[in-house]
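Colleague: sequence first, then the predicted structure, then my questions.
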Amino acid sequence: MKIDNTENKRNILRKLINSGINITPNLLDFILKLDNPVEIINQLIKETSFIPSFKSHLTENFLKKTSNNDIKKSLERILIKKKAHLIEDDSNKKDISNQNQINNLSDAKKTILNPVEKDRTTQLNNFEFKVKSSAIEKNDNKYIKLNSKNKEKVKSIERTKSNFIFNPIAKEYSAQIKILKDPTGKIYTNGEYEDFYELTLDKFNRLKKLMRKKVESHFADNINNVLRLSSKVAVSVIGIVNEIRKTKNNNFILTLEDLTGLVKVIIRRDSEIQDNIKIAERTLNDQVIYIEGTYSPGEKGKKGIIYCNYISKIDIPRDYKPNKSYDPLSVALISDTHIGSKEFEEKLWNRFIAFLKGKIGNKNQREKAGKIKYIIINGDLVDGVGVYPQQKSDLTISDIYEQFTKAKEILSEVPDHIKILYSSGNHEPVRNALPRPAVPKKYSEELLNIGVLCIGNPSIVQTHNVNTLVYHGDSILDLNQLIPSLDNNNPIETMKELLKCRHLAPVYGSKTQIAPTNKDWLVIDKIPDIFHTGHIHINGIGYYNNIALINSGCFQSQTEFMNSLGIHPTPGILSIIDLKTLKGTQLDLKISI
């Protein structure tokens, strides 16, 4: 029974799009009229992926043009199997190997309908066995031995084995890694009041310095000098938001603070500059902002107020020019595998390994796999133990050391030419407060022994001249809850907001734990070329002022905790960034390859 053509057409187009192949309307309509069109297209996708000259355009002319060369070489093993039982003792007939072209697609249909999955050696043995068996049954001695033309055909098939050799270009390049920022071994605190003060002071001073780089803020005054003014005058200040709220009229009132004092700022909803309202709606406590406006002195000893005409965050310069590699290499970005959890998607992980080894995927996907020189694991490699109440019932491996042993086993399958970097997340056996050090050697020793480089979180890693900011993403959930226009299912927008604030956890005292160290490691003082997060188990890819943004999803199916947050994870979607172009792609290991 044939499936409805509309459904077939949709399935075929989806498969072609995922494989990066274009098809002419005429050829698509013709294939839809055949029996088992989806099976036919599956075989065409599989076979053309091994043809070096195939340029992703599947047309009738292409099939006819290359039927004696590339396509014939890749499909000949099927042709032999399908034609073997049709060979007759007729010296005047042309041999299959000398056929000039496939005259019509119905012939191609016969070739493709039953795809051969066995290796070439088995196919050749089966071919000879069938010919001999047929000859015995027919009592025809002419077919007991392969004729010379068929022997040449066998040699031709053997020669095509070279098309299946996977030679990753990344293997030709040595790893070039520099750790530009890593808190491991540099974070100390006593938890006393002075530590909290020093953290806030360092945060303000460093963010104010970044704000000063903007031309508009060069002449900003300190708040105490503004408060001394006795008449209305235009002013500009830089401060950290102490408080922000809406009035009954939907105006915004915020308290701005610097090292000299505090001042009230009003942002009117009926302002001519509506961008001010948009920025105010996404402004939170503890963010550093720049204000221009008119200062109105207070009466009878009351403090004055600034009526805002313009507000801005530090942000990333629009003309930022990211660093790029001179070499044709890529980095694969992953996170949240949660090894040891019942929901760990090991089958998808195995497909990832098969992809890295060039065992699955079409020609374009195999080329992408061959460029991968680095894998950056952004936290939660293991599910951990005792991370949340009743976690033990969710584990298949309840011992933390055994979880790391399992991690070593699956990471050992990654090809040797690929360098693995592993940053700690909130499920690792390290402190939960940010910043986090690298996983201690007593847990990670087996990983270190196979060459995995363990780093803290956040970190900045330079690979072949490209700087990647690696941050697990704990604060993403906080921002999504505090700002109504942000959504857990769209992590890229939240990541943009972090870049605008130039801070990875701009709100202090929310669910994200921040350790009171004398240096704020969460300030984004160095602009990255790639910004990589995880944590929320939702894939995302985008760009902001030329920075590539990736949230790398997960390799774990939905947990009860994710369900309670209304998050539907996207496991097994692989994120790859080309270091030469910073172009990002995502491959769904469930359906794309």
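Modeller: Structure's in. What do you need?

Colleague: drop to CA atoms for contacts and neighbour counts, all remaining ones
Modeller: Will do.

Colleague: name the helix or strand for M211, please.
Modeller: Per DSSP states H and E: M211 is located in helix 193-212.

Colleague: before we move on, what about L16?
Modeller: Using DSSP H and E, L16 falls in helix 5-18.

Colleague: show me where the stretch 301-450 of the chain has strands.
Modeller: Under the criterion DSSP state E, counting those that start in this stretch, the stretch 301-450 of the chain contains strands at 305-313, 330-334, 372-378, 419-423.

Colleague: could you dump these into TSV and include mean pLDDT?
Modeller: As requested, those are exported to TSV (pLDDT from 0 to 100):
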stretch	mean pLDDT
strand 305-313	96
strand 330-334	98
strand 372-378	98
strand 419-423	98
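
Colleague: and those strands: which comes nearest I187?
Modeller: strand 419-423 (15.8 Å; CA to CA).

Colleague: checking my notes, Y290 in a helix, right?
Modeller: No. The assignment for Y290 is strand, going by DSSP: H, G, I helix; E, B strand; the rest coil, so no helix is present there.

Colleague: which residue is the nearest non-sequential neighbour of it?
Modeller: I238 (4.6 Å; CA to CA, 6 or more residues apart in numbering).

Colleague: tally of neighbours for the one you found?
Modeller: Counted with other CA atoms under 10 Å, residues neighbouring I238 total 26.

Colleague: then H503?
Modeller: Residues contacting H503 under the criterion other CA under 10 Å number 22.

Colleague: ok, it touching L522?
Modeller: Yes. Using CA atoms under 8 Å, H503 is in contact with L522, at 5.6 Å.

Colleague: against which helices or strands is the helix holding M211 packed?
Modeller: The contact analysis (3 or more CA pairs under 8 Å, 6 or more residues apart in numbering; DSSP states H and E) places helix 193-212 against strand 233-246, strand 288-296.

Colleague: rounded mean pLDDT for stretch 349-359, please.
Modeller: Over the span of stretch 349-359, the pLDDT mean works out to 96.

Colleague: residues contacting V523?
Modeller: Residues in contact with V523 (CA atoms under 8 Å, 6 or more residues apart in numbering) are 203, 206-207, 502-504.

Colleague: could those be laid out in a markdown table, adding distance to V382 and pLDDT?
Modeller: Output for the contacts of V523, formatted as a markdown table (distance: CA to CA, whole Å; pLDDT from 0 to 100):
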| residue | distance to V382 | pLDDT |
| --- | --- | --- |
| K203 | 32 | 97 |
| R206 | 34 | 97 |
| L207 | 34 | 98 |
| R502 | 29 | 98 |
| H503 | 27 | 98 |
| L504 | 23 | 98 |
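
Colleague: and the furthest pair within the residues you listed?
Modeller: So for the contacts of V523, where distance means CA to CA, the most widely separated pair is R206 and L504, at 13.6 Å.

Colleague: give me the more crowded residue out of the two.
Modeller: Neighbour tally, R206 and L504, criterion other CA under 10 Å: the higher count belongs to L504, 22 against 16.

Colleague: on that earlier part again, can you put the strands of the stretch 301-450 of the chain in a markdown table and add distance to H535 and mean neighbour count?
Modeller: Putting the strands of the stretch 301-450 of the chain into a markdown table (distance: least, CA to CA, whole Å; neighbours: other CA atoms under 10 Å) gives the following:
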| stretch | distance to H535 | mean neighbour count |
| --- | --- | --- |
| strand 305-313 | 25 | 21 |
| strand 330-334 | 11 | 25 |
| strand 372-378 | 8 | 25 |
| strand 419-423 | 12 | 22 |
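
Colleague: count of residues packed around the closest residue to Y471 other than its chain neighbours?
Modeller: Leaving aside its sequence neighbours, Y471 sits nearest to P458 (CA to CA, 6+ apart; 4.6 Å). Per other CA under 10 Å, the neighbour tally for P458 reads 30.

Colleague: could you do the one 10 residues further on as well?
Modeller: A count of neighbours around T468, defined by other CA under 10 Å, yields 24.

Colleague: likewise the one 4 residues further on?
Modeller: Residues lying near H472 (other CA under 10 Å) number 29.

Colleague: pLDDT wise, what is I591 at?
Modeller: 85.

Colleague: ditto for R269
Modeller: Reading off the model, R269 has pLDDT 87.

Colleague: got it, and Y143?
Modeller: Per-residue confidence (pLDDT) for Y143: 35.

Colleague: Throw the helices and strands packed on helix 193-212 into CSV and include mean pLDDT and distance to D319, thanks.
Modeller: As requested, these are exported to CSV (pLDDT from 0 to 100; distance: least, CA to CA, whole Å):
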stretch, mean pLDDT, distance to D319
strand 233-246, 96, 23
strand 288-296, 97, 20
